[in-house]
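Peer 1: Could you look at this predicted model? Sequence included:
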Amino acid sequence: MIIRLATLNDIPGIMQLIAEVVPVMNASGNFQWDHSYPNADVFEKDIELNQLWVADADGDIAGISAITTDQEPEYAQVGWDLNETAIVTHRLAVSTRYRGQGIAAKLMQQAEDEAIRRGIKTLRVDTNTNNPATQQLFPKLGYKYAGEIGLGFRPNLRFYCYEKRLD
C-alpha cells in the first residue's frame, strides 16, 4: 500500500469508495456526507490543486484524504487564529473493504509529513459529532480536542475540532 497524490484517473475509484462509505455513515447516524457531497467536482478540484491523497492498494483506492490549508471561518469559534497557516485534513475516508488496517492513520501521517515539508507547525481537522471512529483516532495521533462548531455549508450538523502542534 502506498500513499500518493491522486490523479484524474483515480476519480472512478474514489467515487466507488464514496458510494461504499456514505450509506454506512448514514446508517450509523452520521450525515456529514450524502448523495450530493462530496462529489466528483470536489475531488477534481482537489486533484487540480495537488491536495488529494489516496491510499493505493495495488491499484485499488483504499482511502482518501484532502490535505489542504483551507480553514472554515467557523473554526474561529473554538479560538483558532485563522491567520495562522495550518495543514487541514478534509474528506478523510477509508473503504469499507480496508477498515481496521491503519489506513486513516497513514493518511493523517501524510498530513503531518506535508506540514513538516512546508514548515507549518499546526495541523487541524474536524469531524461530525456522530463519527466515533475519528473521535478515537485523532487523540491517538496526538490531536487535542478544541471544541464544537456548526458549519454553514452543512446546516443542522455539529462538528468536533481537533488540533496538533508540531512545535
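Peer 2: Yep, it's here.
Peer 1: so where do the helices sit in this structure?
Peer 2: Remark: helices assigned in the chain by DSSP state H are 11-27, 40-48, 103-118, 132-140.
Peer 1: As CSV, these with mean pLDDT, distance to residue 71 and mean neighbour count would be great.
Peer 2: The C-beta positions use only the backbone N, C-alpha and C, and glycine is treated the same way. Output for those, formatted as CSV (pLDDT from 0 to 100; distance: least, C-beta to C-beta, whole Å; neighbours: other C-beta atoms under 10 Å):
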stretch, mean pLDDT, distance to residue 71, mean neighbour count
helix 11-27, 94, 23, 16
helix 40-48, 97, 16, 16
helix 103-118, 97, 14, 18
helix 132-140, 94, 16, 15
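Peer 1: wait, which of these is closest to residue 157?
Peer 2: Ranking these by their distance to residue 157 (criterion: C-beta to C-beta) puts helix 11-27 first, at 11.7 Å.
Peer 1: Now do the closest one and helix 132-140, the angle between them.
Peer 2: Relative orientation of helix 11-27 and helix 132-140, computed by axes from the mean of the first three to the mean of the last three C-alpha atoms, to 10 degrees: 100 degrees.
Peer 1: list the helices and strands helix 11-27 packs on?
Peer 2: When contacts are defined as 3 or more C-beta pairs under 8 Å, 6 or more residues apart in numbering; DSSP states H and E, helix 11-27 sits against helix 40-48, strand 52-57, strand 60-68, strand 87-94.
Peer 1: Using a markdown table, please lay out those together with distance to residue 142.
Peer 2: Putting the helices and strands packed on helix 11-27 into a markdown table (distance: least, C-beta to C-beta, whole Å) gives the following:
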| stretch | distance to residue 142 |
| --- | --- |
| helix 40-48 | 25 |
| strand 52-57 | 19 |
| strand 60-68 | 16 |
| strand 87-94 | 13 |
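Peer 1: quick one: which of those is nearest residue 149?
Peer 2: Of all these, strand 87-94 comes closest under C-beta to C-beta, at 13.4 Å.
Peer 1: Could you export that closest one as PDB, keeping only the C-alpha atoms?
Peer 2: Taking Å, rounded to 0.1, in the frame of the first residue of the first chain, the C-alpha atoms of strand 87-94 are listed here in PDB:
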ATOM      1  CA  ILE A  87      -2.500  22.000   7.400                       C
ATOM      2  CA  VAL A  88      -6.100  20.900   7.500                       C
ATOM      3  CA  THR A  89      -7.400  17.400   6.700                       C
ATOM      4  CA  HIS A  90     -10.700  17.300   4.900                       C
ATOM      5  CA  ARG A  91     -12.600  14.400   3.200                       C
ATOM      6  CA  LEU A  92     -10.900  11.600   5.100                       C
ATOM      7  CA  ALA A  93     -12.400   8.200   4.200                       C
ATOM      8  CA  VAL A  94     -11.400   4.600   4.100                       C
END
